[in-house]
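A.B. asks: would you be able to build a 3D model of this:
(chains A and B)
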Amino acid sequence: MTPEELAAEVRGCVVTLQAEGALTGELPDDVVIERPKNRDRGDYATPVALTLAKSAGRPPREVAALIAGRLAEAEGIDEVDVAGPGFINIRLAADAQGALASQVVEAGADYGHGSLLAGRRFNVEFISANPTGPIHLGHTRWAAVGDALARVLAASGAEVSTEFYINDRGVQMDRFGASVMAVAHGGPVPEDGYHGAYITDLAARIVAEHPEFLTLPAEEELVAFREAAYSLQLAEQQQVLELFRTHFDTWYSERSLHESGAVERGMARLREQGHVFELDGATWLRTTDFGDDKDRVLVKADGELTYFASDTAYYVDKRTRGFTTSIYLLGADHHGYVNRLRAVAACAGDDMDVSVEVLIGQLVKMMRDGQEVKLSKRAGTLITLEELVEEVGVDAARYSLIRYPVDSPLTLDLDLLVQRTNDNPVFYVQYAHARVSSVMRNAADLGIDWRSQGYDPALLVHEREGELLRALAEFPAVVASAAELREPHRVPRYLESLATAYHRFYDVCRVLPRGDEPTEPIHLARLWLCAATRQVLANGLALCGVTAPDRM
RNA sequence: GCGCCCGUAGCUCAACGGAUAGAGCAACCGGUUUCUACCCGGUCGGUUGGGGGUUCGAGUCCCUCCGGGCGCGCCA
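C.D. replies: Next up is the predicted model:
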């Protein structure tokens, strides 16, 4: 019996009692089922009587007693009692709990997936760096978290599309092109230009392929270098992100937004809604109608479109493409954008609480040799995603970036990430998977065909077996809450607790027969439990985009 | 000045409004005759920055103060 099934059972008891007139009051939408920290209190507990007591107009313990009496008769439930202020503690029958192992194995890769967000269409936009340099540490958190968030949303039944907005328009592109061009001529990088070895590399590659660029008239040459460098740099970003297992369904060019007429369409939409006005020769959007602290300029007095104009058009374009919700992942240095992005949605006639969600993440720092690594794009001392991956590997990098809530600052300790200790929890979790895999391998070597023989779920009565089963049962709720709260870090945190539950089980519960012993029913039951554990570890790691190794 | 985020064990950090706030690391003490010891158990460690409030119940929600980070362009 899963917590979800138990919740339904509790709800059923309350509904029945109400139908009989034994109980009144408002039943909450969600019947909370929790795992008591103290095992003496049972396998599960629910505070439903506490929440019900007020509207029922009766003492919580009395309400609890009524529900408990009914619940005790339900199938699969061994023991029910009322404790404390009115908690109902529940102990499951061993077979009802043990049956979960086969449920997990049969569900396979789908176990943990649900339909909480079915019908929703999300556009998840993250990184969206200028194509003027490599993906660096500042983008890396979003690469991992955005990708994991997309996976978690999809696992909850939503339709999800990941998107990278390429800021390929504007003065930064010209500065980039000018920098590469200058270096190609052997000169210094201009003021406000881009520095770093990658500029030299780009220049060399472009000159090697197109020596004729150097003889073009200055203006044409700048365009030629800019476009060639853009193309190479974008390809490099795409390649590195794929290496990082962060896939984007769409790479959306800001230029294309302008070329396709999306800007005009977006502007027209805003005008229709009546939030555009002219002042001092400029065109404005009245975002203050919807909580922004000042109105924003769309078209400058000199006729140039602002970056904000692109943003609004881009939002409207996403809506036109059918997304019900646009999620933006932004760094803390962009938190000032939240209100204006929400206001844009409202100005376009949408419900800003549904159509726009902004996740603000604190910036990432890095430690090496016990010292903070100072990063500066200008000085060319930034750490790139590629370098990070070379130093610690994709698995460790992704996992450690996903494992923290985005609103808490994060410091990556590079020395620690390469160590195989519990400070680097990805190894702890992966090791658990490798350990289970090893047991399954040995079972196969012994010729035990656990799968076709089935098992008796009532045999899984050891305390550690129960703990492991309950940990496995938790997974679907973890995935659902990670998706609903947009907090993918819940998945790795859960995996660590599952790994602990498995190690504790393994420590005291012998899975395979020793030596010449025959295969007993308990061995089969434990093999099913192992198979289920392996599946959940693999499913959870997959949501993180981290590999689940069979050997380590 | 205004706005957003953060403040939890010596350190790094957890904790859908639920019972006695938890892990890892560090420190100390233990555990394996055979499935991966990269593991497991134990000890030590807290006024959840301070103060008020909301309620059956607050680390969590509201107010206020203190401390830290970031942002407040007809820039991109």
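A.B. asks: and the helices in the stretch 201-350 of chain A?
C.D. replies: Secondary structure of the stretch 201-350 of chain A by DSSP state H, counting those that start in this stretch: the helices cover A:218-243, A:254-259, A:262-272, A:307-320, A:338-347.
A.B. asks: do the stretch 51-200 of chain A as well
C.D. replies: A:60-71, A:94-98, A:100-107, A:137-155, A:171-184, A:197-209.
A.B. asks: out of those, the one nearest A:Gly261 is which?
C.D. replies: Using CB to CB as the measure, helix A:171-184 is the one of the helices of the stretch 51-200 of chain A that comes nearest A:Gly261, at 21.0 Å. Every C-beta, even on glycine, is put in place using the N, C-alpha and C of the backbone.
A.B. asks: need the three-state assignment for A:Leu359.
C.D. replies: Classification of A:Leu359 by DSSP: H, G, I helix; E, B strand; the rest coil places it in strand.
A.B. asks: contact partners for the nearest residue to it once chain neighbours are set aside?
C.D. replies: Of all residues not flanking A:Leu359 in the chain, A:Leu329 sits nearest, at 4.9 Å (CB to CB, 6 or more residues apart in numbering). By CB atoms under 8 Å, 6 or more residues apart in numbering, the contact set of A:Leu329 is A:Val124, A:Glu125, A:Phe126, A:Ile127, A:Trp142, A:Val145, A:Gly146, A:Leu149, A:Val358, A:Leu359, A:Gly361, A:Val406.
A.B. asks: tell me the most buried of the helices of the stretch 51-200 of chain A?
C.D. replies: Each of these was scored by mean neighbour count; the highest is helix A:137-155, a mean of 24, by mean count of other CB atoms under 10 Å.
A.B. asks: where does the stretch 1-150 of chain A get nearest to RNA strand B, residue-wise?
C.D. replies: Of all residues in the stretch 1-150 of chain A, the one sitting closest to RNA strand B is A:Ala45 (2.8 Å; CB to the nearest atom of the strand).
A.B. asks: residues contacting that residue?
C.D. replies: A:Ala45 neighbours (CB under 8 Å, 6+ apart): A:Ile33, A:Glu34, A:Arg35, A:Pro36, A:Ala83, A:Phe87, A:Ile88, A:Asn89, A:Ile90.
A.B. asks: for the residue of the stretch 101-250 of chain A found nearest RNA strand B, what are its contacts?
C.D. replies: Sorted by distance to RNA strand B under CB to the nearest atom of the strand, the residues of the stretch 101-250 of chain A start with A:Gly170, at 2.1 Å. Residues in contact with A:Gly170 (CB under 8 Å, 6+ apart) are A:Glu254, A:Tyr307.
A.B. asks: so where is chain A shaky, pLDDT-wise?
C.D. replies: A:374-382, A:421-423 (pLDDT under 70).
A.B. asks: which non-adjacent residue is nearest the residue nearest the centre of it?
C.D. replies: The centroid of chain A falls nearest to A:Leu149 when counting by CA atoms, centre = their mean (2.4 Å). Distances taken as CB to CB, 6+ apart put A:Pro488 closest to A:Leu149, at 5.0 Å, once the chain neighbours are dropped.
A.B. asks: wait, is that neighbour part of a helix?
C.D. replies: No. Per three-state DSSP, A:Pro488 lies outside any helix segment and is coil.
A.B. asks: what number of residues are in the vicinity of it?
C.D. replies: Residues lying near A:Pro488 (other CB atoms under 10 Å) number 26.
A.B. asks: in this structure it contacts A:Leu401, no?
C.D. replies: No. No contact is recorded between A:Pro488 and A:Leu401 when judged using CB atoms under 8 Å, the distance being 10.0 Å.
A.B. asks: overlap of the contact sets of those two?
C.D. replies: Here A:Pro488 and A:Leu401 share the contacting residues A:Val145, scored by CB under 8 Å, 6+ apart.
A.B. asks: neighbours of A:Asp303, how many?
C.D. replies: For residue A:303 the amino acid is Gly, not Asp. A:Gly303 - counted by other CB under 10 Å - has 9 other residues nearby.
A.B. asks: quick revisit: could you give the backbone dihedrals for the residue nearest to A:Leu149?
C.D. replies: For A:Pro488, the backbone dihedrals are phi -60, psi -20 (criterion: degrees, to the nearest 10).
A.B. asks: residues in contact with it?
C.D. replies: A:Val145, A:Ala148, A:Leu149, A:Arg151, A:Val152, A:Ile402, A:Ala482, A:Leu543, A:Cys544.
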